[in-house]
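*Asks:* Compute the structure for the input listed below.
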Amino acid sequence: MRRVVCCSLLLVVCACSAFAQKTKSWTELSEKEAAKILNDSAWGQTQVEGRTEAAPTADSAITAAGVQRRDSQRVLSETDADRVQSGQPKADKSIRYRARFLSAKPVRGAFARLLILKRPEPDENLSNQLQGFVDRDFADYVVITVTAEAADDKLVTPTIQLLTTVTVEALKDKVYLERKDGKRLVLADYRPPGPDGMGAKFVFMRKLEGQPFLTAESDNVRFFAQLDEKTKLNVKYKVSDMMYDGKLEY
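*Replies:* Residues are numbered from 1 along each chain as shown. This next block holds a predicted model:
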């Protein structure tokens, strides 16, 4: 009996901890917590393309501007064969595509927190401005941002150029949000990457046939984007994990 009670208490504590983590104020997030929300959470996922032999380092963590730190990284002239023979790890030639629900409050909070953490000194005025950004109402729209990152900038240059020059007309039939039942939201608007560092923005209407596209009872949702013949994003999110402060955030 005691074992059953202890197990029950443990489950309650774990559930409360998970709930507390999801409702933690953005101003209290650590850099690691904010990065996880952006890159590996209910609202932010990472699609990796290409070879990934090199192990990730602290320098590969995302910053508020969506740019990797490369203080310890160097471009070497050695071939991969030379690296293997010399015992060195092969170069990381992978590209990491980050797809995030900017219209979800936790994502905006994570972006804001990383921006604050980059400041050498506290900035109350900036914090107040960012609070307005975090609390912004996306009642009519769903916005997904996309960035591309790699250890070698040259690997992502074509993708960045594509995201900068492509038009909403060219993407119309190639980008959508899809529920498990096959119902889709088509692309309504597109904004290329700007100085905010959040990446390209894909905009969808929040309702389909007069009803919210997603509800708490929805199973999962998929973001699909065929940017060109070689670049295809296919990212899935579990809707039941998108609850935040007692409501569905997406």
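
*Asks:* Only C-alpha atoms from now on, for both contacts and neighbour counts.
*Replies:* Fine.

*Asks:* Where is the longest strand in this protein?
*Replies:* Longest strand of the chain, by residue count under DSSP state E: strand 141-149.

*Asks:* What pairs with that one, parallel or antiparallel?
*Replies:* Using DSSP bridges, the strands paired with strand 141-149 are strand 95-101 (antiparallel), strand 200-205 (antiparallel).

*Asks:* next SSE after that strand?
*Replies:* helix 153-165 (DSSP states H and E).

*Asks:* Quickly compare the strands paired with strand 141-149 and say which is most buried.
*Replies:* Mean neighbour count (mean count of other Cα atoms under 10 Å) peaks for strand 95-101 among the strands paired with strand 141-149, with a mean of 24.

*Asks:* which ones are touching Val239?
*Replies:* Residues near Val239 by Cα atoms under 8 Å, 6 or more residues apart in numbering: 42, 214-221.

*Asks:* Near Lys93, how many other residues are there?
*Replies:* Using other Cα atoms under 10 Å, the number of residues around Lys93 comes to 16.

*Asks:* my guess is it contacts Asp153, does it?
*Replies:* No - taking contacts as Cα atoms under 8 Å, Lys93 lies outside contact range of Asp153: 10.2 Å.

*Asks:* so where's the chain uncertain?
*Replies:* Residues of the chain meeting the criterion pLDDT under 70: 1-23, 52-90.

*Asks:* ok, which stretches of it are helices?
*Replies:* Listed in chain order, the helices found in the chain under DSSP state H are 2-22, 31-39, 80-85, 105-117, 124-134, 153-165, 168-171.

*Asks:* which parts of the fifth one are buried?
*Replies:* What it means is helix 124-134. Buried residues in helix 124-134, defined by neighbour count with 16 or more other Cα atoms under 10 Å: 127, 130-131, 134.

*Asks:* tell me which strands and helices that helix is in contact with?
*Replies:* Judged by 3 or more Cα pairs under 8 Å, 6 or more residues apart in numbering; DSSP states H and E, helix 124-134 is in contact with helix 105-117.

*Asks:* quick one, the helix it packs on and strand 95-101 angle?
*Replies:* If you take axes from the mean of the first three to the mean of the last three Cα atoms, to 10 degrees, helix 105-117 sits at 120 degrees to strand 95-101.

*Asks:* contacting residues around helix 105-117?
*Replies:* 26-27, 29, 31, 34-35, 37-38, 43-44, 63-65, 100-102, 122-123, 126-127, 130, 133-135, 244, 249-250.

*Asks:* 7 Å - rerun?
*Replies:* Residues from elsewhere that reach helix 105-117 (Cα atoms under 7 Å, 6 or more residues apart in numbering): 26-27, 29, 31, 34, 37-38, 43, 63-64, 101-102, 130, 134, 249.
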